[in-house]
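no sequence for this one, just the structure:
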């Protein structure tokens, strides 16, 4: 199969028209007609990821975060992005990223988070006009949970070593809003729609003062989006049973001390 075939499968779920206007989802490096027998999936493209792919014969990398957000002023060795591009071209490795195109898609990143939390009847926090896509989700728990019990379950479910959150006061959590990655821009939407809790991957310090009583929980950027790799793998393995698909998990740059 070819690079264009891999892209076609991903874009049936996450077409590029779903991405935010500032984003750069799509083909980052490589050629549409290059042959592919093995694909490496990851959250971030790093030099270690490209080296791993080259050493093990992967012809394509599919990532969540784009390697290239802004135009490169040169292609040399000045930044890790440039070095990754050079290595990928030298080794004949194509790189494709589905970022907010997958965040905003039905069945995408936020759907996976909602399913893991166990939400019912969820809907878009910020729907896209004219299409079944949007930013963030809001839904209800089957049974309300005490805030401390809910956070303990979230920490265990997502394997979070350090869960940042606002103070617990014994409130019941019933309506939950969420957004993988940096979701602070959806806080006001969550409040307006009556969320008891807003869960996201990344918040700003001052967001914690502006919650108006809503419980905030910050999973960590990588931790909130880690299941994107399973989405990529499932899509590709279902479409191409003979395709070799492997996950490179260790790209989280944030460490926590016990």
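In hand now; what should we look at? All values derive from a computational prediction rather than experimental measurement.

what about residue 50, distance to residue 75?
Going from residue 50 to residue 75 by Cβ to Cβ, to the nearest Å gives 14 Å. Bear in mind the C-beta positions are built from the backbone N, C-alpha and C, glycine included.

what about those two, which has more around it?
Counted by other Cβ atoms under 10 Å, residue 50 and residue 75 do not tie: residue 50 has more neighbours, with 26 against 12.

give me the element the nearest residue to residue 247 once chain neighbours are set aside is part of.
In this structure, residue 247 finds its nearest non-sequential neighbour in residue 229, 4.9 Å apart by Cβ to Cβ, 6 or more residues apart in numbering. Assigned by DSSP states H and E, residue 229 belongs to helix 228-239.

Would you mark the buried spots in the helix or strand just after that helix?
The first helix or strand that comes after helix 228-239 along the chain, using DSSP H and E, is strand 244-247. Neighbour counts over strand 244-247 (16 or more other Cβ atoms under 10 Å) mark 244-245 as buried.

what number of residues lie near the nearest residue to residue 20 once chain neighbours are set aside?
Distances taken as Cβ to Cβ, 6+ apart put residue 100 closest to residue 20, at 4.4 Å, once the chain neighbours are dropped. Residue 100 has 24 neighbouring residues, counting by other Cβ under 10 Å.

And for residue 160?
18.

Let me know whether it touches residue 223 as I believe.
Yes. Contact status for residue 160 versus residue 223: in contact at 5.3 Å, counting by Cβ atoms under 8 Å.

Return the set of buried residues in the helix holding residue 229.
228-229, 231-233, 235-236.

Check stretch 117-132 too.
Result for stretch 117-132 [16+ other Cβ under 10 Å]: buried residues 117, 119, 122, 124-126.

Return the list of helices and strands in contact with the helix holding residue 229.
helix 3-13, strand 38-42, helix 109-117, strand 244-247 (3 or more Cβ pairs under 8 Å, 6 or more residues apart in numbering; DSSP states H and E).

ok, now with 6 Å
Helix 228-239 sits against strand 38-42, strand 244-247, with contacts defined as 3 or more Cβ pairs under 6 Å, 6 or more residues apart in numbering; DSSP states H and E.

Tell me which residues are up against that helix.
With contact meaning Cβ atoms under 6 Å, 6 or more residues apart in numbering, helix 228-239 is reached by 9, 41, 62, 64, 109, 243, 245, 247.
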